[in-house]
Each structure stands twice: as C-alpha cells, then as structure tokens.
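*Asks:* Just the structure for this:
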Amino acid sequence: MERKKQYRGISQRLAIHYLEGLGGEQVSEDVVEGEDWQASFSSEKVEIGPTIELTEITVAFEGEKEVLDPLIERFGRKAMRAGG
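*Replies:* Residues are numbered from 1 along each chain as shown. Below is the predicted model:
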C-alpha cells in the first residue's frame, strides 16, 4: 500500500532525521527504509500568499496498513512541531 502526505514548513533533511528516529535508515538521497516500510521524498516551493513561499515536501509511504498508520501518525506529530 502507498500513501502520500504533504507537509509544509519542514525541510527534507529534518523529515529524514525524524524517520530515522522512528526506526528508519537513509538508503539514498531521498529514500528512508524501515524494517517493514519505506518512505521517499519530493519537495517544492509553494506560495501561500503574494510574498511568502514555504517548502512543501511530499512523503510517499509504502508498507502494510497496520505498519503505516502508526508510523504516519507519529511522523505527523513530529512534522507539525517543526513547522511551528
């Protein structure tokens, strides 16, 4: 199963760090793998007003639903703190 989630105001470097803290290991520039899951990243600048841009990263999580649900929830809490 694959689930994509977008997060604003967090860098890809920090997202990788958080996933490593959740049991993953960075295996390439934009991929982190855990025992039963994988996450890959893409990022882009998005405008949120006439003069403000934020980095938005998209994380594509892959794995079984019972593994992804708690992983995405824990990652989301960390990412929300980072974005302020």
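
*Asks:* which non-adjacent residue is nearest Thr55?
*Replies:* Leaving aside its sequence neighbours, Thr55 sits nearest to Ser43 (Cβ to Cβ, 6 or more residues apart in numbering; 5.7 Å). Yep, even glycine has a C-beta here, placed from its N, CA and C like the rest.

*Asks:* quick one: contacts of the strand or helix carrying that neighbour?
*Replies:* Here Ser43 sits within strand 37-47, counting by DSSP states H and E. Under the criterion Cβ atoms under 8 Å, 6 or more residues apart in numbering, residues 8, 12, 15-16, 19, 24, 30-33, 53-63, 67-68, 71 lie in contact with strand 37-47.

*Asks:* Buried among these? Need that as a selection in ChimeraX.
*Replies:* What follows is the ChimeraX syntax selecting those of those that are buried according to 16 or more other Cβ atoms under 10 Å:
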select :12,15,16,19,24,30,31,32,33,56,57,59,61,62,63,67,68,71
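
*Asks:* So which of the contacts of strand 37-47 belong to helices?
*Replies:* Gln12, Ala15, Ile16, Leu19, Val67, Leu68, Leu71 (DSSP state H).

*Asks:* so where is the chain shaky, pLDDT-wise?
*Replies:* Residue ranges of the chain with pLDDT under 70: 82-84.

*Asks:* Around Gly9, how many other residues sit close by?
*Replies:* Gly9: 15 surrounding residues under other Cβ atoms under 10 Å.

*Asks:* wait, doesn't it sit right on Ile52?
*Replies:* No: with contact defined as Cβ atoms under 8 Å, Gly9 does not reach Ile52; the gap is 10.8 Å.

*Asks:* Please point out which parts of the stretch of helix or strand Phe75 belongs to sit buried.
*Replies:* Per DSSP H and E: Phe75 is located in helix 65-83. Within helix 65-83, the residues that count as buried by 16+ other Cβ under 10 Å are Val67, Leu68, Leu71, Ile72, Phe75, Lys78, Ala79.
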